[in-house]
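A.B. asks: my questions concern the predicted model and sequence given below.
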Amino acid sequence: MALDLDFVRAQFPAFAEPSLAGQAFFENAGGSYTCAPVIARLERFYRSRKVQPYGPYAASRLAGEEMDEARARLAAMMGVATDELSFGPSTSANTYVLAQAFRQWMAPGDAIVVTNQDHEANSGPWRRLAEDGFEIREWRIDPESGLLDPNDLENLLDERVRLVCFPHCSNVVGAINPVVEITARAHAAGAFVCVDGVSYAPHGLPEVGRMGPDIYLFSAYKTYGPHQGIMVMRRELANLLPNQGHHFNGGTLYKRFTPAGPDHAQVAACAGMADYIDALAAHHGIAGDAAARNAGVHDLMRAHEVALLQPLLDYLKDRNSVRLIGPVDAVQKAPTVAVALNRPGRQAAEDLAARAIMAGGGDFYAQRPLQAMGVDMDRGVLRLSFVHYTTAEEVARLIAALDEIL
């Protein structure tokens, strides 16, 4: 089954926006376009439900119900319990709160494993715990390939490790890490697992319940939604860690790690993400429960992305003037493509902008992996990232533009 791109793009107002006409968007890793159901729900909330939710009057009741709907539907799609999913202001903020909870829970001498493949959001807050006397062990990438070897993790695991943190995929390397295998190894050693899914979730929401990590984090604004961080924390771990919210919220699982009140309108609007996934499933004849519908849509998205990504990788890997970061096989990689050039990546992005290609240049808060791979940090990389609403014609335009500027 092929993804119906006409139907897909009709769900995104950006593609009908005059100011964006003729522009090909290749900086999706920094934030995706927002789908129409999210925009509609956000506008409706601000127009008719912008009151304190969960009250006895109609507007308040409807506001609370829509917030609950977002949590319930997204959790069902990811194969976890409704109260195991929570919202926060961003993934960076959610990770910081988690780190404080672990700081209070762990004992002197305990250790956490982090990687140098991560975006800083799932590395920095954990690394700072070294200031409190906890051991931070670094699982390092191969400096040539940028990949993590699960066998190297075995050398870092022992009875002192309480948590293993790693990305589902890096925002510059793009390699899709084997979450199920890594989680199994960490669990066998008695450690919990925290997966940063920010760079993977836009390419299809994963079925976290089946994959097994104890924490899974991603950003709604990179997944066609509003600027919220979404966190799954499995009940066993959530009940072990100390409450970080108001004391009277300690008994509610999805409130334990939200110190401040959530953005009610944005939480409610996240139900539009579920609307969009269900609309894709219905249009493409994908049936079943929420998890099955989501899995079918995930596979449609990935198949389309792989087909578009491989020609771009083939083009870049054969050019002597660039260094392609990460795998050259599209099946092993999200469509987040970083290349090191003989000039600053931002300059190349500016040249592409002049050709109606929207891309990015810099380090993208991924200084650790880029430095480990020997990338000149004064230049950074040019990053080209797309998602399932991208067309083959846009990729061809990108390659033609790269031909002119490289």
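C.D. replies: Great, that's in hand.

A.B. asks: so Ile230 lies in a strand, does it not?
C.D. replies: Yes - per DSSP: H, G, I helix; E, B strand; the rest coil, Ile230 lies within a strand segment.

A.B. asks: give the contact list for it.
C.D. replies: 74, 85-87, 91, 217-220, 223, 270 (C-beta atoms under 8 Å, 6 or more residues apart in numbering). All C-beta atoms are positioned from the backbone trio N, CA, C, and that covers glycine.

A.B. asks: same deal with His304?
C.D. replies: His304 touches 2-3, 5, 388, counting by C-beta under 8 Å, 6+ apart.

A.B. asks: please tell me how far it sits from Ala10.
C.D. replies: Using C-beta to C-beta, to the nearest Å, His304 is found at 16 Å from Ala10.

A.B. asks: still on that earlier bit, show me which of the contacts of His304 is closest to Val179.
C.D. replies: For those, the residue nearest Val179 by C-beta to C-beta is His388; the value is 20.3 Å.

A.B. asks: and that closest one, which of the three is it?
C.D. replies: Per three-state DSSP, His388 ends up coil.

A.B. asks: quick one, phi/psi of Glu27?
C.D. replies: phi -130, psi 40 (degrees, to the nearest 10).

A.B. asks: how about it: what's its closest non-neighbour residue?
C.D. replies: Closest residue to Glu27 apart from its sequence neighbours, by C-beta to C-beta, 6 or more residues apart in numbering: Gly360 at 4.5 Å.

A.B. asks: returning to what we had before: filter the contacts of His304 down to the buried ones and express that as a ChimeraX selection.
C.D. replies: Buried members of the contacts of His304, defined by 16 or more other C-beta atoms under 10 Å, are picked up in ChimeraX with:
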select :3,388
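
A.B. asks: now tabulate the contacts of His304 in CSV and tack on secondary structure, pLDDT and distance to Asn116.
C.D. replies: Below are the contacts of His304 laid out as CSV (DSSP: H, G, I helix; E, B strand; the rest coil; pLDDT from 0 to 100; distance: C-beta to C-beta, whole Å):
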residue, secondary structure, pLDDT, distance to Asn116
Ala2, coil, 95, 38
Leu3, coil, 98, 35
Leu5, helix, 98, 37
His388, coil, 98, 29
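
A.B. asks: so where's the stretch 301-406 of the chain shaky on pLDDT?
C.D. replies: Under the criterion pLDDT under 70, no range of the stretch 301-406 of the chain is flagged.

A.B. asks: all helices for the stretch 101-250 of the chain, in order.
C.D. replies: Assigned by DSSP state H, counting those that start in this stretch, the helices in the stretch 101-250 of the chain fall at 124-127, 150-154, 179-188, 208-211, 235-240.

A.B. asks: and among those helices, the most buried is which?
C.D. replies: Mean neighbour count (mean count of other C-beta atoms under 10 Å) peaks for helix 124-127 among those, with a mean of 20.

A.B. asks: kindly state the pLDDT recorded for the residue minimising distance to the centre of the chain?
C.D. replies: Central residue of the chain (C-alpha atoms, centre = their mean): Val198, 1.5 Å from the mean position. You'll see Val198 listed with a pLDDT of 98.

A.B. asks: can you pull the contacts of it?
C.D. replies: 91, 119, 121-122, 167, 171, 217-219, 222.

A.B. asks: pull the residues that contact stretch 274-287.
C.D. replies: 1, 3-4, 7-8, 11, 35-38, 41, 69-70, 73-74, 77, 205, 224, 290, 292-294, 296-297, 300.

A.B. asks: quick check on the residues you listed: which are buried?
C.D. replies: 3, 8, 11, 35-38, 41, 69-70, 73-74, 77, 205, 224, 290, 293-294, 296-297, 300.

A.B. asks: mind listing which of those residues are in helices?
C.D. replies: The members of these that map onto helices under DSSP state H are 8, 36-38, 41, 69-70, 73-74, 77, 290, 293-294, 296-297, 300.

A.B. asks: of these, closest to Gly55?
C.D. replies: Glu69 (17.0 Å).

A.B. asks: am I right that that closest one is in contact with Ala271?
C.D. replies: Yes - between Glu69 and Ala271 there is a contact under C-beta atoms under 8 Å: 4.7 Å.

A.B. asks: check the chain for its longest strand and report it.
C.D. replies: When the chain is parsed with DSSP state E, its longest strand is strand 161-167.

A.B. asks: mind checking the end-to-end distance for stretch 374-384?
C.D. replies: Counting by C-alpha to C-alpha, to the nearest Å, you get 20 Å between the two ends of stretch 374-384.

A.B. asks: now do that stretch: distance to the chain's middle.
C.D. replies: 21 Å (C-alpha atoms, centre = their mean, to the nearest Å).

A.B. asks: check which residues of that stretch are buried.
C.D. replies: 375, 379-384.

A.B. asks: now stretch 166-181
C.D. replies: 166-177, 179.

A.B. asks: pick out the most distant pair among those residues.
C.D. replies: Checking the buried residues of stretch 166-181 with C-beta to C-beta, the most distant pair is Val172 and Val179, at 18.6 Å.

A.B. asks: please enumerate residues in contact with stretch 67-75?
C.D. replies: Contacts for stretch 67-75 (C-beta under 8 Å, 6+ apart): 53, 81-87, 205, 230, 232, 254, 262, 264, 267-271, 273-274, 290.

A.B. asks: point out the ones among the residues you listed that are inside strands.
C.D. replies: Per DSSP E, the contacts of stretch 67-75 map to strands at 85-87, 230, 232.

A.B. asks: out of those residues, give me the one that has the most neighbours.
C.D. replies: Neighbour counts for the ones in strands among the contacts of stretch 67-75 peak at Ile230, which has 29 neighbours (criterion: other C-beta atoms under 10 Å).

A.B. asks: show me what it is bridged to.
C.D. replies: Here Ile230 sits in beta bridges with Phe87, Phe218, going by DSSP bridges.

A.B. asks: backbone phi and psi for Phe257, please?
C.D. replies: According to degrees, to the nearest 10, Phe257 has phi -120, psi 30.

A.B. asks: what is the neighbour count of it?
C.D. replies: So Phe257, with other C-beta under 10 Å, has 23 neighbours.

A.B. asks: that one: what's it in contact with?
C.D. replies: 86, 88, 94, 97-98, 101, 231, 233, 238, 241, 244-245.

A.B. asks: identify, from the residues you listed, the entry nearest to Glu138.
C.D. replies: Leu98 (18.7 Å).
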